[in-house]
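# predicted model follows, preceded by the sequence.
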Amino acid sequence: MQYFLVKSEPFKYSWDKFNQDGRTFWDGVRNYQARNNLKEMKEGDLVLFYHSNEGKNVVGVAKVVKEFYQDPTTEDKNWVVVDLVPVETLKNPVSLETIKKDERLIDIALVRQGRLSVMQLKQAEFDRILELGAG
DNA sequence: GCCAACGTTGGC
DNA sequence: GCCAACGTTGGC
């Protein structure tokens, strides 16, 4: 079991919209590092959903239901998507500020490499964020 | 709206 | 293959 975090601008695709849809393919990744992380995802892996720009917090947990395949929005073979479904909404969204202040989360890619949109998390980091989100 | 970080592109 | 220029992301 692996753990990940994905970013989305709420204007583009929000957690609410995701829950209304019930399932989505995660498209729009146009960065090789992020793409490689997408390819690492296996069915059943858990993914934190982070709102960038607006909110700047982790709002919920999603699950991988289909491993990577060709991005249907482009012909370019470089890009892939995975299918995700929502699992649970965090009671207390965990803000970037909170994450930055937590010594156990100081090392995660969200902080270290701000621009990366798909990243892997250690289980301890994933658990810690859920703990903070439970309120 | 600004700017830092950083990935990508293209000239040499 | 290096590196300057440029574009994009995302925090502030």
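Here it is on my side, so go on. These numbers were taken from a predicted model, which means no experiment stands behind them. Residues are numbered from 1 along each chain as shown, chains lettered A, B, ... in the order given.

# switch to C-alpha atoms for all contacts and neighbour counts from now on
Will do.

# right, and the helix or strand after the worst-scoring helix or strand of chain A on mean pLDDT?
When the helices and strands of chain A are scored by mean pLDDT, DSSP states H and E, helix A:109-112 comes last with a mean of 91. As assigned by DSSP states H and E, the chain's next helix or strand after helix A:109-112 is strand A:118-121.

# neighbouring strands - and their directions - for that next one?
Strand pairing for strand A:118-121, using DSSP bridges, gives strand A:3-8 (antiparallel).

# quick check: mean pLDDT of the strand it pairs with?
Strand A:3-8 shows a mean pLDDT of 96.

# thinking again about what came up before, hmm, the least confident helix or strand of chain A in reach of DNA strand B?
Yes: Helix A:109-112 is in contact with DNA strand B by CA under 7 Å from any atom of the strand, via residue A:112.

# packing partners of that helix?
Using 3 or more CA pairs under 8 Å, 6 or more residues apart in numbering; DSSP states H and E as the contact test, the elements touching helix A:109-112 are strand A:118-121.

# swap in 10 Å and give it another go.
Helix A:109-112 sits against strand A:3-8, helix A:96-101, strand A:118-121, with contacts defined as 3 or more CA pairs under 10 Å, 6 or more residues apart in numbering; DSSP states H and E.

# these: which one's closest to DNA strand B?
Among the helices and strands packed on helix A:109-112, the nearest to DNA strand B by CA to the nearest atom of the strand is strand A:118-121 (11.7 Å).

# report the angle between the helix ranked longest in chain A and strand A:3-8.
When chain A is parsed with DSSP state H, its longest helix is helix A:123-134. Angle between the axes of helix A:123-134 and strand A:3-8 is 60 degrees (criterion: axes from the mean of the first three to the mean of the last three CA atoms, to 10 degrees).

# give the buried residues for helix A:123-134.
A:125, A:126, A:128, A:129, A:130, A:132, A:133 (16 or more other CA atoms under 10 Å).

# secondary structure class for the residue with the largest distance to the centre of chain A?
Relative to the centre of chain A, the most outlying C-alpha is that of residue A:75, 24.2 Å out, by CA atoms, centre = their mean. Here residue A:75 is recorded as coil under DSSP: H, G, I helix; E, B strand; the rest coil.
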